[in-house]
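# How does the following fold in three dimensions:
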Amino acid sequence: MPIHDATPCRVIPIRKKMGARSQRRCLPGPIPNPEVKPFCVCPNTVVRESTGTAVTVPLFFPLGYPRFFLSLHLRFLNYVCVQRNEVKVMPIDTLDILGSDQIGIHLASAGKVLFHPRELPEMILEQLETTLQLEMVPISIGGSNLIGALLAGNSNGLAVADIATETDIDELTAFGDVVVMEGGVNTAGNLLLANEQGCVASPSIPHDGLEILADVLSVDIIATTIGGQDVVGSLGVVNDQGVLLHPDVAGDEVLLIEEVLGVPPMVGTVSFGSPYVGAGIYASNDGAVTGTETTGPELNRIEDALGII
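Purely as a prediction, here's the structure:
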């Protein structure tokens, strides 16, 4: 795949500290999963069966339905499900972070660790920990709370923007090798879409930078656009079970993405129609969080695409 060097970008590898903690090492459409086929029981609900779990998901709300009650309804539906007479937290939740529904630009992870802004309220932290099932690590990148836009990686390593301070980098090297991305395009979270199998990179990253990223993340990497746009991290959200992409993704792009990430792709939106799913969703292998404006059908699509139902 040719790489278009429209804007120079340089990456500098920084190896993890000795003794520090780390964890080593298609086309859009419905995911075939006969064990969780929905069937309607009334106009507003869907019940998923055969796994022993009953989950109700709103499919339709009439025009004029008060936003306050819609939010309460979604919060209730996203909070509990019943399985074998036990109450369990559902794998998807809706919340806002620091007054924004752009969840994905505030959160990033490395393996089983979730990096989040330091200023989050205790209630939000509890929701994130319970839903995503990750270890919580507060951090800032160069004083910014936009962790998800400035940081990306997997359990092997991390890429971070060059606004990170020496203190920030020291904190990150406790979780793996670190690549510092320098130049006019340095927002690692917007330029990379990675899981444990592979990485999709923006074409603005040069060849030598891709080689360093592949070495630090210990995965195969390709450079491609999504829907003709370079900011691939904002246009897709991925875990080790699936990937949700911008609705305008092209067929040849889908094939490349599926090959390198090793998971089936689907397309969808978030926050009442936004195509920037990477900016609006954060997902682990166990759950996902989105903004409070996300609709019932969008939540259903996110669950299906990321295999968290």
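# Now the helix or strand harbouring residue 211 - C-alpha only, PDB.
In the assignment (DSSP states H and E), residue 211 maps to helix 207-217. What follows is helix 207-217 as a C-alpha-only set of coordinates in PDB (Å, rounded to 0.1, in the frame of the first residue of the first chain):
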ATOM      1  CA  HIS A 207       7.900   4.300   6.000                       C
ATOM      2  CA  ASP A 208      10.700   4.400   8.600                       C
ATOM      3  CA  GLY A 209       8.100   5.500  11.200                       C
ATOM      4  CA  LEU A 210       5.900   2.500  10.400                       C
ATOM      5  CA  GLU A 211       8.900   0.100  10.800                       C
ATOM      6  CA  ILE A 212       9.500   1.500  14.300                       C
ATOM      7  CA  LEU A 213       5.800   1.300  15.300                       C
ATOM      8  CA  ALA A 214       5.600  -2.300  14.000                       C
ATOM      9  CA  ASP A 215       8.700  -3.200  16.200                       C
ATOM     10  CA  VAL A 216       7.400  -1.500  19.300                       C
ATOM     11  CA  LEU A 217       3.800  -2.700  19.100                       C
END
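# Pull the contacting residues for residue 293.
101, 271-272 (C-beta atoms under 8 Å, 6 or more residues apart in numbering). Yep, even glycine has a C-beta here, placed from its N, CA and C like the rest.
# one step back: pull out the buried positions in the helix holding residue 211.
Neighbour counts over helix 207-217 (16 or more other C-beta atoms under 10 Å) mark 209-210, 212-214, 216-217 as buried.
# Include pLDDT when you put those into a markdown table, please.
Shown next, in a markdown table, are the buried residues of helix 207-217 (pLDDT from 0 to 100):
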| residue | pLDDT |
| --- | --- |
| 209 | 94 |
| 210 | 96 |
| 212 | 96 |
| 213 | 97 |
| 214 | 97 |
| 216 | 97 |
| 217 | 98 |
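# Tell me the strands beside the strand or helix carrying residue 178, with direction?
Using DSSP H and E, residue 178 maps to strand 177-183. Strand 177-183 has its sheet partners listed here by DSSP bridges as strand 9-14 (antiparallel), strand 157-161 (parallel).
# Check these for me: which has the lowest mean pLDDT.
Among these, strand 9-14 carries the lowest mean pLDDT, at a mean of 62.
# Give me the residues contacting the next helix or strand after the strand holding residue 178.
Going down the chain from strand 177-183, the next helix or strand is helix 188-191, by DSSP H and E. Residues outside helix 188-191 that contact it (C-beta under 8 Å, 6+ apart): 9, 105, 108, 146-153, 158-161, 179, 181, 185, 201-202, 204-205, 230-234.
# rerun that using 6 Å as the cut-off
Taking contacts as C-beta atoms under 6 Å, 6 or more residues apart in numbering, the residues outside helix 188-191 that touch it are 108, 148-152, 159-161, 181, 202, 231, 233-234.
# just stretch 239-253 next, same as before
By C-beta under 6 Å, 6+ apart, stretch 239-253 touches 195-196, 224, 226-227, 235-237, 261, 263-268, 275, 277, 283, 285, 305-307.
# Tell me which of those fall in strands.
Among the contacts of stretch 239-253, DSSP state E puts 236-237, 265-267, 283 in strands.
# Out of those, who's the most crowded?
Neighbour counts for the ones in strands among the contacts of stretch 239-253, by other C-beta atoms under 10 Å, peak at residue 283, which reaches 34 neighbours.
# List the beta-bridge partners for that residue.
Using DSSP bridges, the bridge partners assigned to residue 283 are residue 288.
# distance of it from residue 241?
Separation of residue 283 from residue 241 (C-beta to C-beta, to the nearest Å): 9 Å.
# can you check residue 178 too?
Computed as C-beta to C-beta, the residue 178 to residue 241 distance reads 26 Å.
# Quick one: the helices in the protein, in order.
Using DSSP state H, the helices of the chain run over 67-77, 122-132, 147-150, 166-172, 188-191, 207-217, 232-235, 251-261, 277-280, 296-306.
# Would you tell me which of those gets closest to residue 115?
Closest to residue 115 of the helices of the chain, according to C-beta to C-beta: helix 147-150, at 5.1 Å.
# And for that closest one, what's in contact with it?
104-108, 115, 141, 161, 187, 189-190.
# quick one: which of those is nearest residue 128?
residue 107 (7.6 Å).
# Over to the closest one: give its phi and psi.
Dihedral angles of residue 107 (phi, psi; degrees, to the nearest 10) stand at phi -130, psi 140.
# if I pick the spatially closest residue to it that is not a sequence neighbour, what's in contact with it?
Nearest non-adjacent residue to residue 107, counting by C-beta to C-beta, 6 or more residues apart in numbering: residue 282, 4.2 Å away. Residue 282 makes contacts with 103-104, 107, 289, as judged by C-beta under 6 Å, 6+ apart.
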